[in-house]
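Enquirer: Compute the structure for the input listed below.
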Amino acid sequence: MHQVVYSSAAVAPFRETELTQLLSVARTNNSRLGVTGMLLYDEGSFLQALEGEEHVLEELYGKIAKDERHHRLVLLLRRKIDERHFSQWQMGFASMKALPKNFPGFSDFLRFRGNPIESADAATRLLGAFRSGRFHSYVQT
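Expert: As a prediction, this is how the structure comes out:
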């Protein structure tokens, strides 16, 4: 089992409808590939942790790198893990007014912007840093 964590910046701000569509498509594709993880989006910035077989993640990361909806892709972490940290693929949004709270795959991780997560796990620390504003790349409109 392997884990990849990257950050990127949206080329243009995503609307709520685009984010919910992204979440639905990603959940379907990742389920088919045996990939779990979490994708966070806040003010034009993405941070994603992906978990799965190494060759699957390498191919998926290659496709992500070619996706024209974002740029400034930075690989933050690539490592072998003993077990999954995110058993179900989720996406966290900082502000989603129209999204029902029971929408499959939604995480309210970004709503809690208190103290950074205290954890020895590198992926969890990176997700906490993203939540607190680190790694943000703002989209110019």
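Enquirer: pLDDT of stretch 32-43, averaged?
Expert: The pLDDT scores in stretch 32-43 average 86.
Enquirer: End to end on it, go ahead and measure it.
Expert: Terminal residues of stretch 32-43 are spaced 29 Å apart (C-alpha to C-alpha, to the nearest Å).
Enquirer: buried ones in the helix ranked longest in the chain?
Expert: Counting residues, the longest helix found in the chain (DSSP state H) is helix 16-33. For helix 16-33, the neighbour count (16 or more other C-beta atoms under 10 Å) marks 19-20, 22-23, 26-27, 30, 33 as buried. (Each C-beta comes from the backbone N, C-alpha and C, glycine too.)
Enquirer: now the strands: where do they sit in this structure?
Expert: 2-10, 36-42, 45-52, 70-80, 90-93, 106-107 (DSSP state E).
Enquirer: Can you name every helix or strand that the third one contacts?
Expert: Contacting strand 45-52 under the criterion 3 or more C-beta pairs under 8 Å, 6 or more residues apart in numbering; DSSP states H and E are the following elements: strand 2-10, strand 36-42, helix 54-66, helix 122-131.
Enquirer: what are the pairing partners of the first one, and which direction each?
Expert: Right, the one you point to is strand 2-10. Using DSSP bridges, strand 2-10 pairs in its sheet with strand 45-52 (antiparallel), strand 70-80 (antiparallel).
Enquirer: now those strands in JSON lines, with mean neighbour count and distance to E58?
Expert: Converted to JSON lines, the strands paired with strand 2-10 look like this (neighbours: other C-beta atoms under 10 Å; distance: least, C-beta to C-beta, whole Å):
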{"stretch": "strand 45-52", "mean neighbour count": "24", "distance to E58": "10"}
{"stretch": "strand 70-80", "mean neighbour count": "13", "distance to E58": "9"}
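Enquirer: Can I get those in CSV including distance to V11?
Expert: Below are the strands paired with strand 2-10 laid out as CSV (distance: least, C-beta to C-beta, whole Å):
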stretch, distance to V11
strand 45-52, 11
strand 70-80, 6
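Enquirer: Which among these is found nearest to L39?
Expert: strand 45-52 (4.5 Å; C-beta to C-beta).
Enquirer: export the closest one as PDB, just CAs?
Expert: Presented in PDB, the C-alpha positions along strand 45-52 are these (Å, rounded to 0.1, in the frame of the first residue of the first chain):
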ATOM      1  CA  SER A  45      -6.300  25.600  -3.700                       C
ATOM      2  CA  PHE A  46      -6.300  21.800  -3.700                       C
ATOM      3  CA  LEU A  47      -4.600  19.300  -1.400                       C
ATOM      4  CA  GLN A  48      -5.100  15.600  -2.100                       C
ATOM      5  CA  ALA A  49      -4.000  12.500  -0.300                       C
ATOM      6  CA  LEU A  50      -4.300   9.300  -2.400                       C
ATOM      7  CA  GLU A  51      -3.800   5.700  -1.100                       C
ATOM      8  CA  GLY A  52      -3.600   2.500  -3.100                       C
END
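Enquirer: Thanks again, I'm all set now.
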